[in-house]
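Asker: predicted model, plus sequence, below.
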There are 2 protein chains.
Amino acid sequence: MLSKKSQYAFKALTYLTEKYGQGPVLISEISKKKKVPLKFLENILLELKKEGILDSKKGKGGGYFLKQKPEKIKVATIIRLINGPIAMLPCVSLYFYERCKNCDEKHCGLHDMMLEVRDATLNIVENRTLKDLITP
Amino acid sequence: MLSKKSQYAFKALTYLTEKYGQGPVLISEISKKKKVPLKFLENILLELKKEGILDSKKGKGGGYFLKQKPEKIKVATIIRLINGPIAMLPCVSLYFYERCKNCDEKHCGLHDMMLEVRDATLNIVENRTLKDLITP
DNA sequence: ATAAAAGTCTATTGATTTGGTAGGGTAATA
DNA sequence: TATTACCCTACCAAATCAATAGACTTTTAT
């Protein structure tokens, strides 16, 4: 399951996607509209900025906005940044790989199956962007 | 990611699958062969017994064994019992469903996408059994 | 009978993660 | 230059995770 933090991140990002091109959006506005705790949201947005997904403007008239076009930001990227591995096992993870202890990956049925699951999932989330998450 | 507990459970279950039809297997044997902490394994096996996956025999010559044929026990069942929901969001979970707060499921892009992910995953784990996890 | 084998049960513990809060600091702009 | 609004550090409670301890019961072989 995605953490609450991830769900909040997606709420904020879809909101920013809808407002894309209309200038900075206040944290407080996102917090109100999307019902996300303000201070928690601050943390999340700051993290997304550090990771290069968002950018911000300070002072009056400031706020947050997407650093790139919504169609350039993949859902998979967001999940990995905020939630962590997408795969069900470390030994089948692309970005968080860890070798299996006491289990030969060459002859492990669980490994093989989880590899299939990973690919089925990636096939979706790697080919979907923030733009796909908003209703046209 | 599957918890350590889940990974241990699968190690034990595949071992019991290999030994299916050969009588009860000692916890201590599974623990040694699969490198799972003994006492932790006790808890896991007991839980699987209470859930109806395993059965056991006490006293000398006792041990654990699969209650049904390996080809009758679905991987999805085990994941749900030990690890919890398979879906990435509560609002797209079949067995752990919770309504989305502040988000209309009818018009939510994230919901729709996660529904696809869930179906892609279930398509695999609902159609695979313990028997499929061991090399023939 | 009875001792040993083997699962059963309760409980506790330490570490980590999760979800969230508090409050002052810093930069930009009207 | 005051205000706005993001930035940063720290903290906290609750939950979950991973594992351990130890006593108890039931069964079976001898």
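Answerer: Yep, it's here.
Asker: going forward, measure contacts between C-alpha atoms and count neighbours the same way
Answerer: Will do.
Asker: which bits of chain A sit near chain B?
Answerer: Proximity of chain A to chain B, by Cα under 8 Å from any Cα of the partner chain, involves residues A:1-2, A:10, A:34-35, A:85-90, A:102, A:107-110, A:113, A:116-117, A:120-121, A:124, A:132-135.
Asker: got the phi and psi for A:Arg99?
Answerer: phi -60, psi 140 (degrees, to the nearest 10).
Asker: which residues are in contact with it?
Answerer: Applying Cα atoms under 8 Å, 6 or more residues apart in numbering or on different chains to A:Arg99 gives the contacts A:Pro90, A:Cys91.
Asker: please point out which parts of stretch A:56-75 sit buried.
Answerer: Across stretch A:56-75, burial judged by 16 or more other Cα atoms under 10 Å in any protein chain shown covers A:Ser56, A:Gly63, A:Tyr64, A:Phe65, A:Leu66, A:Pro70, A:Ile73, A:Lys74, A:Val75.
Asker: err, stretch A:80-92, not the other one
Answerer: Neighbour-count burial for stretch A:80-92, counted by 16+ other Cα under 10 Å, picks out A:Ile82, A:Asn83, A:Gly84, A:Pro85, A:Ile86, A:Ala87, A:Met88, A:Leu89, A:Pro90, A:Cys91, A:Val92.
Asker: repeat for stretch A:5-19
Answerer: Within stretch A:5-19, the residues scored as buried using 16+ other Cα under 10 Å are A:5-18.
Asker: inside helices: which ones of those?
Answerer: Residues of the buried residues of stretch A:5-19 located in helices (DSSP state H): A:5-18.
Asker: now those residues in JSON lines, with pLDDT and distance to A:Glu51?
Answerer: What follows is these, written out as JSON lines (pLDDT from 0 to 100; distance: Cα to Cα, whole Å):
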{"residue": "A:Lys5", "pLDDT": "97", "distance to A:Glu51": "15"}
{"residue": "A:Ser6", "pLDDT": "98", "distance to A:Glu51": "14"}
{"residue": "A:Gln7", "pLDDT": "97", "distance to A:Glu51": "17"}
{"residue": "A:Tyr8", "pLDDT": "97", "distance to A:Glu51": "16"}
{"residue": "A:Ala9", "pLDDT": "97", "distance to A:Glu51": "13"}
{"residue": "A:Phe10", "pLDDT": "97", "distance to A:Glu51": "15"}
{"residue": "A:Lys11", "pLDDT": "96", "distance to A:Glu51": "17"}
{"residue": "A:Ala12", "pLDDT": "97", "distance to A:Glu51": "15"}
{"residue": "A:Leu13", "pLDDT": "97", "distance to A:Glu51": "14"}
{"residue": "A:Thr14", "pLDDT": "96", "distance to A:Glu51": "17"}
{"residue": "A:Tyr15", "pLDDT": "95", "distance to A:Glu51": "18"}
{"residue": "A:Leu16", "pLDDT": "96", "distance to A:Glu51": "16"}
{"residue": "A:Thr17", "pLDDT": "96", "distance to A:Glu51": "17"}
{"residue": "A:Glu18", "pLDDT": "95", "distance to A:Glu51": "21"}
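Asker: need those residues in TSV (columns: distance to A:Leu48).
Answerer: Conversion of those to TSV gives the following (distance: Cα to Cα, whole Å):
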residue	distance to A:Leu48
A:Lys5	12
A:Ser6	11
A:Gln7	13
A:Tyr8	12
A:Ala9	9
A:Phe10	11
A:Lys11	13
A:Ala12	11
A:Leu13	10
A:Thr14	13
A:Tyr15	14
A:Leu16	12
A:Thr17	14
A:Glu18	17
